[in-house]
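Asker: A structural model of the following input is requested.
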Amino acid sequence: MQQDSNIAIVILAAGQGKRMNSELPKVLHEIGGRPMLCHVIDSVQRLAPGRVVVVTGYQAERVEDACRDQGVEFARQNEQLGTGHAVMQTAPLLQDWKGTVVVLNGDVPGLRAETIGAFLEHHLRSGAAATVLTAELDDPGGYGRIVRGAAGGLERIVEHRDATEAERAIREINSGLFCFQADELFPALGRVTRRNAQNEYYLTDVVGLLHHEGRPVGAWRVEDAREVAGVNNPDELESVRRFVGDQS
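Answerer: Next up, the predicted model:
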């Protein structure tokens, strides 16, 4: 695949993953004998992006050593202050980027390169300032919910802890995969606050801010929600292992 120098990828890999009950950083738990993070990097590298930046934090050097030979750069999140704060740590590398920034989590090894590519193509064709990949779940659990307006358009994303009972009944969830135009992303991140249940800077708030300011935002739903299943505990790790094994 020809390199697309207008695309930068940011992979969030700074968290510990306390519910994994392990001192090993969550993204280094293995699928098929390789760390989850390495699978995610493999998928995004198939898109031949101009840059791939991995945001590390917990046991940063250990995480960086695991994927140093995969053609990536690193940004450090020394304090865990949320997903928006994590992406802001890439600003010294990407704030002057003139293209698209794709953001995803490092614990989604089932996400296929073909799905990321189709999502990116949709974003670029739509002309949106921001697009989020969504999925429909029978049990949305702790995922952020997609809030749409009366006409069906995306208005904002509300995190589970901040959601009302009515919002928690929404089954369309935020997968954690986003496309942003870089010249919209970093200025908007500078306007995100920590006024929420977790006292964190949410990347999801960028979508609501842009919509409120009249910028076009959109959503694209993945067909197989298992692709975007994250790993937060040992049971979910086993489930993702089975899914990835079935796909190979």
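
Asker: Could I get the phi/psi values of the residue nearest the centre of the chain?
Answerer: Per CA atoms, centre = their mean, the C-alpha nearest to the average position across the chain is that of L104, at 2.5 Å. Main-chain dihedrals, L104, degrees, to the nearest 10: phi -150, psi 170.

Asker: So for it, what's the nearest residue that isn't a sequence neighbour?
Answerer: L177 (4.5 Å; CB to CB, 6 or more residues apart in numbering). Backbone N, C-alpha and C define where each C-beta goes, glycine included.

Asker: Roughly how far does the one you found sit from I11?
Answerer: 11 Å (CB to CB, to the nearest Å).

Asker: Also A129?
Answerer: Taking CB to CB, one finds A129 at 21 Å from I11.

Asker: returning to what we had before: shared neighbours, L177 and I11?
Answerer: Common contacts of L177 and I11, defined by CB atoms under 8 Å, 6 or more residues apart in numbering, comprise 104-105.

Asker: Quick check, A135 in contact with G176.
Answerer: No. With contact defined as CB atoms under 8 Å, A135 does not count as touching G176 (10.0 Å).

Asker: Are there residues contacting both of the two? Which ones?
Answerer: With CB under 8 Å, 6+ apart as the test, A135 and G176 both reach V228.

Asker: Spit out the contact partners of D69.
Answerer: Contacts of D69 by CB under 8 Å, 6+ apart: none found.

Asker: Assumed it was part of a helix.
Answerer: Yes. D69 forms part of a helix when assessed by DSSP: H, G, I helix; E, B strand; the rest coil.

Asker: what residues are up against the residue nearest to L104?
Answerer: Applying CB under 8 Å, 6+ apart, the residues near L177 are 102-105, 108, 111, 116, 119, 132-133, 228.

Asker: now the protein, which segments are flagged as low pLDDT?
Answerer: Counting by pLDDT under 70, the ranges of the chain that qualify are 1-4, 248.

Asker: In it, what residue spans correspond to helices?
Answerer: Listed in chain order, the helices of the chain (DSSP state H) span residues 36-45, 60-67, 83-88, 91-94, 113-126, 165-168, 182-189, 204-212, 234-247.

Asker: count of neighbours near G245?
Answerer: A total of 10 residues lie near G245 under the criterion other CB atoms under 10 Å.

Asker: Let me see the backbone angles for the nearest residue to it once chain neighbours are set aside.
Answerer: Closest residue to G245 apart from its sequence neighbours, by CB to CB, 6+ apart: G32 at 7.0 Å. Dihedral pair for G32: phi 60, psi 30, per degrees, to the nearest 10.

Asker: Pull out the buried residues from stretch 190-204.
Answerer: Buried positions in stretch 190-204, judged by neighbour count with 16 or more other CB atoms under 10 Å: 192, 196, 200-204.

Asker: And it, end to end?
Answerer: Length of stretch 190-204, first residue to last, CA to CA, to the nearest Å: 13 Å.
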